[in-house]
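*Asks:* Sequence first, then the predicted structure:
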Amino acid sequence: MAGEKLLMHMNAGNGECSYASSSTLQRKVIQEAKPVLEDAINNMFNNNIGDFPKSSCFNMADLGCSSGPNTLFTVSNIIKIVQVLCHEKSCKMPEFQAYLNDLPDNDFNAIFKSIPSFYRDLKDEANCFISGVPGSFYERLFHSKSLHLVHSSSSLHWLSQGLIEQAKLDSFNYPFYAPYKDEVEKIVQMEGSFDVDTIKIFKVNWNEMDNDDDICFDAYSSGKHIARTMRAVSEQMLVSHFQFEDSIVDYLFERYAYHLTCHLLVQKGDFFNIVISLTNKK
Ligand SMILES: C[S@@+](CC[C@H](N)C(=O)[O-])C[C@H]1O[C@@H](n2cnc3c(N)ncnc32)[C@H](O)[C@@H]1O
């Protein structure tokens with residue numbers, strides 16, 4: 001429908017098809033990219049970038065934080081990395097300010113409800129203050145020079161939404177682009193503000209629980225698991241565009257699980273990721 005806006009947010013809540021319950025694949029991506037995050041923070045520390053570690057507060061942002069266990073997992077990873085560094089270099093731990101950004105329809109309420117227990121778990125280890133920043137990362141979100149570290153995982157390939165102008169089926173425009181590593185590098189160079197410290201590709205099995213050597217590999221349950229992961233990510237976009245009823249969505253993802261199973265019986269599915277670490281030139 002002309003002028004219709006795509007509803008772009010992950011499935012809310014804690015149900016079986018919620019992003020919170022079906023995002024272990026994205027958690028695996030965060031874990032695989034962690035060494036690059038460690039190197040980036042180490043580099044800041046050693047080169048005194050952004051006046052770190054002297055600065056009394058470490059300001060970080062996570063772009064496209066979504067809601068669920070991965071949201072605070074990233075914050076907690078960053079705190080632990082800084083903690084180890086401070087311990088090794090015998091310097092005082094800074095306080096932390098974490099800005100969690102996502103689109104305004106994201107389930108920020110669920111995040112905010114989990115913050116008290118996150119603070120409790122941190123106890124005496126660190127002082128951390130968390131704020132939500134609703135808005136698109138394609139627009140200005142922060143005042144200048146306010147952040148030491150900007151992190152984003154499984155989010156930057158989502159394109160800005162635009163308007164859909166054609167008939168429903170033809171016009172369904174999945175706002176997703178998977179670039180080549182060289183394209184990313186070229187765009188960073190052309191933009192000019194950042195030096196590329198690290199850029200790497202790594203792959204994760206579509207079913208992150210599938211061990212490559214597993215002789216008891218079950219294609220059917222893998223197909224179902226991957227379909228659930230994809231449902232948590234794309235259901236709202238499909239429903240808002242096609243105005244599907246619940247029963248049709250269930251059917252659609254059953255069919256999808258079936259096709260995935262057929263595919264997995266023939267070959268394994270790999271999910272390629274680019275991890276990039278940049279330093280601001282200014
Ligand atoms: C697949 S989730 C990744 C969530 C989390 N970072 C993780 O690794 O589990 C992608 C997130 O990016 C958000 N997103 C997409 N486009 C965005 C934009 N332009 N501005 C802010 N967030 C955006 C989506 O709403 C969604 O929550």
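*Replies:* Yep, that arrived.
*Asks:* Does residue 269 touch residue 226 like I think?
*Replies:* Yes: contact criterion Cβ atoms under 8 Å: residue 269 and residue 226 qualify, at 7.3 Å. From N, CA and C alone the C-beta is placed, and that goes for glycine too.
*Asks:* of those two, who's got more company?
*Replies:* Neighbour count, other Cβ atoms under 10 Å: between residue 269 and residue 226, residue 226 has more, with 25 against 16.
*Asks:* Contact residues of the stretch 151-282 of the chain facing the ligand?
*Replies:* 153-155, 158, 160, 233 (Cβ under 6 Å from any ligand atom).
*Asks:* can you do 8 Å?
*Replies:* 152-155, 158-161, 175, 233 (Cβ under 8 Å from any ligand atom).
*Asks:* Tally up the residues packed near the spatially closest residue to residue 155 that is not a sequence neighbour, please.
*Replies:* Leaving out its chain neighbours, the residue that sits closest to residue 155 by Cβ to Cβ, 6 or more residues apart in numbering is residue 64, at 2.5 Å. For residue 64, the tally of surrounding residues (other Cβ under 10 Å) stands at 20.
*Asks:* Looks like residue 64 contacts residue 74 (just checking).
*Replies:* No: applying Cβ under 8 Å as the test, residue 64 and residue 74 come out as separate, 10.5 Å apart.
*Asks:* Give me the common contacts of these two.
*Replies:* Shared contacts of residue 64 and residue 74 (Cβ atoms under 8 Å, 6 or more residues apart in numbering): residue 153.
*Asks:* just to revisit the earlier point, between residue 269 and residue 226, which contacts overlap?
*Replies:* Common contacts of residue 269 and residue 226 (Cβ under 8 Å, 6+ apart): 206-207, 260.
*Asks:* Closest one to residue 237 out of these, please.
*Replies:* Nearest to residue 237 among these: residue 260, at 18.7 Å, using Cβ to Cβ.
*Asks:* wait, what's in contact with that closest one?
*Replies:* If you count contacts by Cβ under 8 Å, 6+ apart, residue 260 has them with 206, 222-223, 226-227, 269.
*Asks:* again, only this time at 10 Å
*Replies:* 206-207, 219-220, 222-227, 230, 253, 269 (Cβ atoms under 10 Å, 6 or more residues apart in numbering).
*Asks:* nearest to the ligand, of the shared contacts of residue 269 and residue 226?
*Replies:* residue 206 (14.3 Å; Cβ to the nearest ligand atom).
*Asks:* Need the buried ones from the residues of the stretch 151-282 of the chain next to the ligand selected in ChimeraX.
*Replies:* Those of those that count as buried under 16 or more other Cβ atoms under 10 Å are selected in ChimeraX with:
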select :153,154,155,158,161,233
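*Asks:* Show me where the stretch 101-250 of the chain has its strands.
*Replies:* With DSSP state E, counting those that start in this stretch as the criterion, the stretch 101-250 of the chain has strands at 128-134, 149-152, 194-205.
*Asks:* Take the shared contacts of residue 269 and residue 226 and keep only those in helices.
*Replies:* residue 260 (DSSP state H).
*Asks:* which one in the shared contacts of residue 269 and residue 226 is the model shakiest on?
*Replies:* Ranked by pLDDT, the shared contacts of residue 269 and residue 226 bottom out at residue 207 (79).
*Asks:* Please report the number of neighbouring residues for it.
*Replies:* Counted with other Cβ under 10 Å, residues neighbouring residue 207 total 24.
*Asks:* residues contacting it?
*Replies:* So residue 207 contacts 24-25, 217-219, 221-226, 229, 260, 264, 268-269, 271 (Cβ under 10 Å, 6+ apart).
*Asks:* likewise residue 76?
*Replies:* Listed by Cβ under 10 Å, 6+ apart, the contact partners of residue 76 are 98, 118, 121-122, 125-126, 128.
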